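1. quick one, what's the 3D model for this:
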Amino acid sequence: MMGYPELGVNYGLAVKVETTRGTYATPTMAADAIPLAGEPSIEHGYVLPGPRDGVAVGGYGVPPSANPLGQFSRVRFTTELLGSTVVTTPPRWGRLLQPFAPEVVGASDVSYQPGTSAEKSLSALVQWAGKQYTLVGAVPETLVLRGAPDSPRIMIDCTLAGKMQAAPTEQALEAQTFQNTDPVPFRGALSVAAVPLIYEEFELDFGLTARPWRVDRNTTDPLLFGIITQVNPRITFPTEVVALATFNPFSQRAAPQTALAFSQRLGATAGKQYLITGSHVEHVGDAPIPVRANNGYMFYGLTLRFAKPASGTWLKVAAD
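-> Here you go, the predicted model:
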């Protein structure tokens, strides 16, 4: 099948965790598809492109480039926060967390906590407009959970990057089998220091620093699998102003060493709900605390960082 521009509505994404990092795991649309909330974008390039700028050619101009090496791909997409419908079955989107947050299947939940053990990399399959693209050894460069004030859903924005497994090929969009298509409703309590706060939107940025490929001159294909080198999660949300005796962000910011527990529930049905927790959040020192009016009521604009405590929970995302 030939691909044409009018086939832009035909797109699909499948992601699979690699058993051996950097070895293609062969994701399929039948077993590994993640529903997309809109058109993705994809780009390709070379880590070592080969231009020969500065080489003298007896006058103006440059000579032909050397052969490029290290072909990579980057795909940007948005999906919805979905549950697996079974509390002990991992949600498929959770695979995006595994390069920096190992997956733990418990007796009553599946949880993810950032750590430096059992890191994974991902294989991805993108089919779009009659073409197929494959990534191997990929990791997310950005990963953000977002709840908008005018939407009942929670969205996940991700940029996934890795080396190309093979050159793009002609491929019609295959049938996709999704784990679940019912979005997790954007409702549930949020509290800081055990104080329930009123809010209508939020953005949880996992704060990733990624090296989606590494150059290895010992091999014919000079790229290795990607790694996450740093995680600095932050959550931003507005909350209505209450009495300072109940919630005082100013005194909290003045004492960042004092642990503030964080809890946020998303959804309300077993198998399609999440609990996000942390033992020590703090008000970000380089971000001001705005006090603003919105249609006649006052709110604080808060940005909290999940600090890594000596003991306790740094950041935990649990599907339960």
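
2. poorly predicted segments of the stretch 151-300 of the chain, please.
-> Within the stretch 151-300 of the chain, no stretch has pLDDT under 70.

3. just the helices in it please.
-> 249-254 (DSSP state H, counting those that start in this stretch).

4. can you give me the strands in it?
-> Taking DSSP state E, counting those that start in this stretch, the strands of the stretch 151-300 of the chain run over residues 154-170, 190-192, 195-197, 202-205, 208-211, 214-215, 223-224, 227-231, 234-240, 262-266, 274-278, 281-283, 291-294, 297-306.

5. wait, which of those strands is closest to P63?
-> Proximity to P63 (C-beta to C-beta) singles out strand 214-215 among the strands of the stretch 151-300 of the chain, at 23.8 Å. Glycine gets a C-beta too; all of them are placed from N, C-alpha and C.

6. now do that closest one: distance to the chain's middle.
-> Averaged C-alpha coordinates place strand 214-215 at 22 Å from its chain's average position (C-alpha atoms, centre = their mean, to the nearest Å).

7. kindly report the same for stretch 197-208.
-> Using C-alpha atoms, centre = their mean, the offset of stretch 197-208 from its chain centre is 14 Å.

8. so can I have a markdown table of the strands of the stretch 151-300 of the chain showing distance to G312 and mean neighbour count?
-> Output for the strands of the stretch 151-300 of the chain, formatted as a markdown table (distance: least, C-beta to C-beta, whole Å; neighbours: other C-beta atoms under 10 Å):
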| stretch | distance to G312 | mean neighbour count |
| --- | --- | --- |
| strand 154-170 | 25 | 19 |
| strand 190-192 | 15 | 19 |
| strand 195-197 | 18 | 16 |
| strand 202-205 | 19 | 20 |
| strand 208-211 | 22 | 18 |
| strand 214-215 | 33 | 14 |
| strand 223-224 | 34 | 22 |
| strand 227-231 | 16 | 17 |
| strand 234-240 | 17 | 18 |
| strand 262-266 | 11 | 21 |
| strand 274-278 | 8 | 22 |
| strand 281-283 | 11 | 21 |
| strand 291-294 | 30 | 11 |
| strand 297-306 | 11 | 18 |
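
9. among those, which is nearest S108?
-> For S108, the closest of the strands of the stretch 151-300 of the chain is strand 274-278, at 11.0 Å, according to C-beta to C-beta.

10. partner strands of the closest one and their direction?
-> Sheet pairing of strand 274-278 (DSSP bridges) gives strand 262-266 (antiparallel), strand 316-319 (antiparallel).

11. quick one, what contacts the residue lying closest to F206 once chain neighbours are set aside?
-> Using C-beta to C-beta, 6 or more residues apart in numbering and skipping residues adjacent in sequence, the residue nearest F206 is L143, 4.7 Å away. Neighbouring residues of L143 by C-beta atoms under 8 Å, 6 or more residues apart in numbering: L96, L97, I156, D157, C158, T159, D205, F206, L208.

12. returning to that earlier point: to D216, which of the strands paired with strand 274-278 lies closest?
-> Closest to D216 of the strands paired with strand 274-278, according to C-beta to C-beta: strand 316-319, at 32.7 Å.

13. ok, and what's touching the closest one?
-> Here strand 316-319 has contacts from 83-84, 87, 90-91, 94, 97, 101, 109-113, 271, 273-278, using C-beta under 8 Å, 6+ apart.

14. same check, this time on stretch 281-291
-> Residues outside stretch 281-291 that contact it (C-beta under 8 Å, 6+ apart) are 192, 234-235, 241, 249-250, 252-253, 256, 260-262, 298-307.
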